[in-house]
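Engineer: Model the following, please.
(one chain, ligands or ions: 2)
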Amino acid sequence: MKSVAFTKMEDGTIEDYSFLAKHEKEFILDLPNRIISSLEKLKDSFSGYKIDRLEHSLQTATRALRDKADIDWVVSALIHDIGDDLAPLNHDTLAASVVAPYVREECTWVIKHHGIFQLKYYGDKIGLNPEERQKFKNHPYYKSAVKFCEKWDQKSFDPNYDTLPLDYFKPMIIEVFSREAWVTN
Ligand SMILES: [Fe+2]
Ligand SMILES: [Fe+2]
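Structural biologist: Ligands and ions are numbered 1, 2, ... in the order given. Now for the predicted structure:
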């Protein structure tokens, strides 16, 4: 079988769907390579900062690593702006969805909300509330999000920082995105 016979999903057979499931499994196995390609594309994402979006991502992950954060944090930091291209108005939600099946809930929550927490550093300059994060002040991951933005994300726009290259992080990307997914939605 090279492809299914049906043209409407309702007509598919058990054999069709087991054939598709096998294909999907193989496709998922290649996810680390697609993550790496998406990160490389950030090099050509929107500009204006002193460094490009890939460099910013690498710098954020490098700072996490040097703060002895664990692999879930480092990889989350690396992909936290991966949604820039396709979801410029809700890039944090897109990145959180990408990483959610593979890292612990705390990291996913922080990535999902980092846009709001990051407002602390520039909201007042663009007419938005820098304290928008306060609506989460009783959330168990509030402090983690504060730390993510303060120590790693908001300061990672420095062309003179000794940022580690993408190659350094590839084994971590492969490890995390090859894990058994623990949540799928
Ligand atoms: Fe961001
Ligand atoms: Fe960022």
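
Engineer: Could you use CA atoms for every contact and neighbour count after this?
Structural biologist: Noted.

Engineer: Give the buried residues for stretch 160-174.
Structural biologist: Along stretch 160-174, the positions that meet the burial threshold by neighbour count (16 or more other C-alpha atoms under 10 Å) are 163-164, 166, 169, 172-174.

Engineer: Stretch 119-131 too?
Structural biologist: Burial within stretch 119-131, assessed by neighbour count using 16+ other C-alpha under 10 Å, is assigned to 119-120, 123, 130.

Engineer: Show which residues not belonging to it make contact with it.
Structural biologist: Outside of stretch 119-131, the residues that reach it under the criterion C-alpha atoms under 8 Å, 6 or more residues apart in numbering are 117, 132-133, 154.

Engineer: What are the boundaries of the helices in this protein?
Structural biologist: With DSSP state H, the ranges of helices along the chain come out as 14-29, 31-41, 53-66, 71-79, 91-99, 105-118, 142-147, 166-177.

Engineer: can you list the weak-confidence ranges in this protein?
Structural biologist: Counting by pLDDT under 70, the chain has low-confidence residues at 184-185.

Engineer: give me the number of residues near the closest residue to Y141 other than its chain neighbours?
Structural biologist: Leaving aside its chain neighbours, Y141 sits nearest to E106 (6.2 Å; criterion: C-alpha to C-alpha, 6 or more residues apart in numbering). The burial count assigned to E106 is 17, neighbours taken as other C-alpha atoms under 10 Å.

Engineer: picking that back up, ok, the buried residues of stretch 119-131 vs K143, which is closest?
Structural biologist: Sorting these by distance to K143 puts K120 at the head of the list, at 13.6 Å, by C-alpha to C-alpha.

Engineer: That closest one and L58, how far apart?
Structural biologist: For K120, the distance to L58 equals 22 Å [C-alpha to C-alpha, to the nearest Å].

Engineer: Over to A181?
Structural biologist: A181 sits 24 Å away from L58 when distances are taken as C-alpha to C-alpha.

Engineer: When those two are compared, which one has more neighbours?
Structural biologist: Counted by other C-alpha under 10 Å, A181 and L58 do not tie: L58 has more neighbours, with 24 against 13.

Engineer: didn't L54 look like it was pressed against I36?
Structural biologist: No - under the criterion of C-alpha atoms under 8 Å, L54 lies out of contact with I36, with a separation of 10.6 Å.

Engineer: got the contact list for the closest residue in space to F6 that isn't next to it in sequence?
Structural biologist: Take F6 and drop its neighbours on the chain: the residue closest to it by C-alpha to C-alpha, 6+ apart is G12, 5.6 Å away. Contact criterion C-alpha under 8 Å, 6+ apart gives 4-6 as the residues in contact with G12.
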